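J.: quick one: sequence and predicted model below, then my questions.
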Amino acid sequence: MNSHPTFALADLPDGEAALVHDLSLDTHVAEHLMNLGFIPGVEIMPARSAPGGDPRVYRVDGCEVAVRREVSRKISVRRHKAAK
């Protein structure tokens, strides 16, 4: 099975989409984000950042959600499979 490596959401470059892989957060924070659409397998993309870069706004499941860098470091994502 060819799997793509995961990396922190905080490291996702502007304009690039990825898939949510895992949320390594306290249960209540993870549940809150999942209610906002941060569900494994869902596409996520950086939309914009506040001055200074924190928080950063992400587009996920048709919504825009601001997430602080300390939280986005604990959300792992993976790139889409390369198109053939």
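T.: That came through, no problem.

J.: gap between stretch 8-18 and the chain center?
T.: Centroid separation between stretch 8-18 and its chain, computed with Cα atoms, centre = their mean, to the nearest Å, is 7 Å.

J.: and it, what's buried?
T.: The neighbour-count check on stretch 8-18 (16 or more other Cβ atoms under 10 Å) flags 9, 10, 12, 18 as buried. For the C-beta atoms, the positions are set from N, CA and C on the backbone; glycine is no exception.

J.: can you tell me which two in the residues you listed are farthest apart?
T.: Between any two of the buried residues of stretch 8-18, the greatest separation by Cβ to Cβ is 11.7 Å, found for 10 and 18.

J.: overlap of the contact sets of the two?
T.: Counting by Cβ atoms under 8 Å, 6 or more residues apart in numbering, residue 10 and residue 18 have no contacts in common.

J.: just checking, what's the longest helix in this protein?
T.: helix 27-35 (DSSP state H).

J.: for the protein, give me the ranges with low pLDDT.
T.: Residue ranges of the chain with pLDDT under 70: 1-3, 82-84.

J.: let's see that with 50 instead.
T.: In the predicted model, the chain carries pLDDT under 50 at residues 1-2, 83-84.

J.: how about the helices in the protein?
T.: According to DSSP H, the chain carries its helices in the segments 27-35, 69-72.

J.: mind putting those helices in CSV, mean neighbour count included?
T.: Listed next are these as CSV, based on neighbours: other Cβ atoms under 10 Å:
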stretch, mean neighbour count
helix 27-35, 13
helix 69-72, 16
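
J.: rebuild those as JSON lines, extending it with distance to residue 49.
T.: Converted to JSON lines, those look like this (distance: least, Cβ to Cβ, whole Å):
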{"stretch": "helix 27-35", "distance to residue 49": "18"}
{"stretch": "helix 69-72", "distance to residue 49": "9"}
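
J.: what sits against the residue lying closest to residue 4 once chain neighbours are set aside?
T.: Once flanking residues are discounted, residue 4 sits nearest to residue 78: 4.5 Å by Cβ to Cβ, 6 or more residues apart in numbering. Applying Cβ under 8 Å, 6+ apart to residue 78 gives the contacts 3, 4, 5, 6, 7, 18, 19, 21.
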